[in-house]
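Generate a structure from the sequence data that follows.
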Amino acid sequence: MATIEDHAAECKKILGEPHWEVHRFLDQYAGAFPVDHFVDYHRTFLHNSYGLKIVEARWGLEARTAALVHLYRDYHEGSISHLSLKKILERVLTAVMWFNRMMHGYEPRPHIIRAWNGKSLVYLATK
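Alright, predicted model coming up:
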């Protein structure tokens, strides 16, 4: 799982700017839903078309491109700094479609459900 520092470093290499605010924004729910217990659940909120629209509205088209790089990096589950921006943009729509499906059809794995101790996700996020 990539850290915000990983995302910023890759964006710096690919786009020339780290775009810290974009990566913090997209991964903000990782704090409420820690990856070691909830795996990908934090991605269901903003790693999708909805999150891309918010990023573009807040920070503009270049930030949206940084968000696309972030999503593709997470989808790829490894470094993409060896790819050109053109190649990433050619391939990223598959990642966006995958994350959009995750947003609408997320079904937690059994070990995640056990970690909730019978509490709702909203309860855990606002606790």
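
By residue count, what's the longest helix in the protein?
When the chain is parsed with DSSP state H, its longest helix is helix 85-105.

residues in contact with the nearest residue to residue 45 once chain neighbours are set aside?
Spatial nearest neighbour of residue 45, chain neighbours left out: residue 29 (4.9 Å); criterion: C-beta to C-beta, 6 or more residues apart in numbering. For the C-beta atoms, the positions are set from N, CA and C on the backbone; glycine is no exception. By C-beta atoms under 8 Å, 6 or more residues apart in numbering, the contact set of residue 29 is 41, 42, 45, 46, 125.

Can you tell me which of these are classed as buried?
41, 42, 45, 46 (16 or more other C-beta atoms under 10 Å).

Could you single out the nearest of those residues to residue 16?
Comparing the buried ones among the contacts of residue 29 against residue 16 with C-beta to C-beta places residue 46 closest, at 23.5 Å.

I'd assumed residue 53 was in contact with that closest one.
No. Between residue 46 and residue 53 there is no contact under C-beta atoms under 8 Å: 10.0 Å.

Apart from its chain neighbours, what residue comes closest to residue 83?
Looking at residue 83 with C-beta to C-beta, 6+ apart, the closest residue is residue 14, at 7.7 Å.

now the angle from whichever helix or strand the one you found is part of to helix 85-105?
Using DSSP states H and E, residue 14 maps to helix 4-15. Angle, helix 4-15 to helix 85-105, by axes from the mean of the first three to the mean of the last three C-alpha atoms, to 10 degrees: 140 degrees.
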